[in-house]
Structure formats: C-alpha cells, structure tokens
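[1] No sequence on hand, only this structure:
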C-alpha cells in the first residue's frame, strides 16, 4: 500500500468524525451526478385574452363546439367568457343555445327557444319592445354575468377597428 492510503486508513480508524465526513462527501458527489427522481413543473404564463369588439358572426366562433373552443356570450352589448360554466353554456348544457350568441332577448324573456334569438346575419337586437319586467330580468342576468365571468369585449354590428 502507498503512504497516502495508509494515512487515510489511519485517520479513519483514529477519528470517527472522519467516517461521517467521508459518508457526507460520497453523498454530495452522488447527489451531484444523479438527476432528481421528480421533475419540477415548468411555469406557464396564463392564457391572455385581448379585449376586442365582436360582431354576431365573429362571436359565433366561440360556441364551445369542441372542448378546446372557448364559450363567449353576449349580454347587453357586452361579451363575457363563460367557458368556466361549460356544463351550463356548452353544446349539451341547458343554456347551450346562447353560446356564441347575443343572449339578451332570450335571458330577458326567460326563453331558451332559438326563434327568440336574433339571427347572426341580422343587426343587433335593440330590445326596445321589452316590457319593464323583462328589462329587470335582463338587468339581473347582466349583473350575474358581470360579477361571475370575465368581460372580454363589446358586441357591435360593425367593428371600429380591425381585430
């Protein structure tokens, strides 16, 4: 044996602290060269939504027809992202006919009939013929959407800027 090896063995025999330090050194070297057993999740920036103007035809694209498609709904000239409520506003939900549409008249009249909704190729419904009870109902619905869902745009007949 060499003098260095004999010296190391002597040090290990004479001082028990050297056993601990040797074990710690082996652990550190092992940990440095061994990958961790888990992977840290990669941080992702949350998806952003750009506030914009939507025509009825543009709004129709956001009807939730696929699980990846967002669901937007127009109420009182404002567009809300109701995707969190997919069970209600998705294609199979009880309010599914309002997805991607101006739902104002249907909500005001508490009607789910498609003939109550303005066709997407016609100008926005002015709602001038609603009575006070229907207007109150619509106001309550609007308050509900404003407090629960993200306001993502305005519903307009023609956009004022390109999107």
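    In hand now; what should we look at? Being a predicted model, the structure only gives us computed values, none of them experimental.
[2] what does stretch 76-85 contact?
    With CB atoms under 8 Å, 6 or more residues apart in numbering as the test, stretch 76-85 has contacts from 49, 54, 59, 64, 70-74, 88-89, 93, 99, 104, 124, 138, 142, 145-146, 148-156. Just so you know, the C-beta spots here come from the backbone N, C-alpha and C atoms, and that holds for glycine as well.
[3] from those, which ones fall inside helices?
    Using DSSP state H to define helices, the subset of the contacts of stretch 76-85 located there is 59, 88-89, 104, 138, 142, 145-146, 148.
[4] Show me just the buried residues among these.
    By neighbour count, with 16 or more other CB atoms under 10 Å, the ones in helices among the contacts of stretch 76-85 hold 59, 89, 104, 138, 142, 145 as buried.
[5] ok, the closest residue to the fourth one other than its chain neighbours to residue 132 distance?
    Just to be clear, that refers to residue 138. Taking CB to CB, 6 or more residues apart in numbering as the measure, residue 138 lies nearest to residue 108, with 3.8 Å between them; neighbours along the chain are not counted. For residue 108, the distance to residue 132 (CB to CB, to the nearest Å) stands at 11 Å.
[6] Ok, residue 34 next?
    From residue 34 to residue 132 the distance is 73 Å (CB to CB).
[7] Could you give me the buried positions within the longest strand anywhere in the chain?
    Criterion DSSP state E: the longest strand present in the chain is strand 150-155. The neighbour-count check on strand 150-155 (16+ other CB under 10 Å) flags 152-153, 155 as buried.
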